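A.B. asks: Dropping the sequence and predicted coords here.
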Amino acid sequence: MDNLVPIAAIVLSIGGPLAIALVVILLQHRQQAMLNQMVSSAVAAGRSPDEVREIIEAVKGRPSGSSGRRSLRTGIILAAVGLGLAFIALVTGTPAALGAAGFMILLGLAFVAIWFLVDKPKNQS
């Protein structure tokens, strides 16, 4: 009975993430299969390639120009989490966490810079 806890910890620490990854892979495969069926149905119905492309973008829910907002959002979230981690590190007196906090802040600022330099829409100034 004393060996049950370490065995369960090992099994769950390895099996848990594997199970989550398996579910994610299966759901992505199912979604891709449904998309492939929809595209083949559209082609069989005589739709043009442009119409098929529009259908794919509508189903995926992300037009080709939406990656810019994703970079900005990711950068803001990373920088905010890094600032929170830095605050916690300063309050608790854990200087080792300041390095991780600084890394997250710089990574967030890099994403914001990518948005500003590359992905920012042209009509915003």
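C.D. replies: Yes, it's here.
A.B. asks: Only C-alpha atoms from now on, for both contacts and neighbour counts.
C.D. replies: OK.
A.B. asks: Quick one: residues contacting Val59.
C.D. replies: Leu35 (C-alpha atoms under 8 Å, 6 or more residues apart in numbering).
A.B. asks: That one: helix or strand, and which one exactly?
C.D. replies: helix 49-60 (DSSP states H and E).
A.B. asks: again, but for Val112
C.D. replies: helix 96-114.
A.B. asks: Against which helices or strands is that helix packed?
C.D. replies: Helix 96-114 sits against helix 67-92, with contacts defined as 3 or more C-alpha pairs under 8 Å, 6 or more residues apart in numbering; DSSP states H and E.
A.B. asks: Let me see the domain layout of this protein.
C.D. replies: 1-64, 65-125 (automatic domain parsing).
A.B. asks: Name the nearest residue to Ala42, ignoring sequence neighbours.
C.D. replies: Distance criterion C-alpha to C-alpha, 6 or more residues apart in numbering; nearest residue to Ala42, sequence neighbours excluded, is Val52 at 6.6 Å.
A.B. asks: and Gly15, what are its phi and psi?
C.D. replies: phi -70, psi -30 (degrees, to the nearest 10).
A.B. asks: how deep is it tucked in, by neighbour count?
C.D. replies: Gly15 has 13 neighbours, counted by other C-alpha atoms under 10 Å.
A.B. asks: any idea how far it is from Val23?
C.D. replies: 12 Å (C-alpha to C-alpha, to the nearest Å).
A.B. asks: for the protein, where's the lowest mean pLDDT among helices and strands?
C.D. replies: Taking mean pLDDT, DSSP states H and E as the measure, the helix or strand of the chain with the lowest value is helix 49-60, at a mean of 83.
A.B. asks: before we move on, the earlier item: now do the same contact list for the residue nearest to Ala42.
C.D. replies: Taking C-alpha under 8 Å, 6+ apart as the test, what Val52 contacts is Val39, Ala42, Val43.
A.B. asks: what's around Pro6, how many residues?
C.D. replies: 10.
A.B. asks: oh sorry, the question was meant for Gly46
C.D. replies: Counted with other C-alpha under 10 Å, Gly46 comes out at 11.
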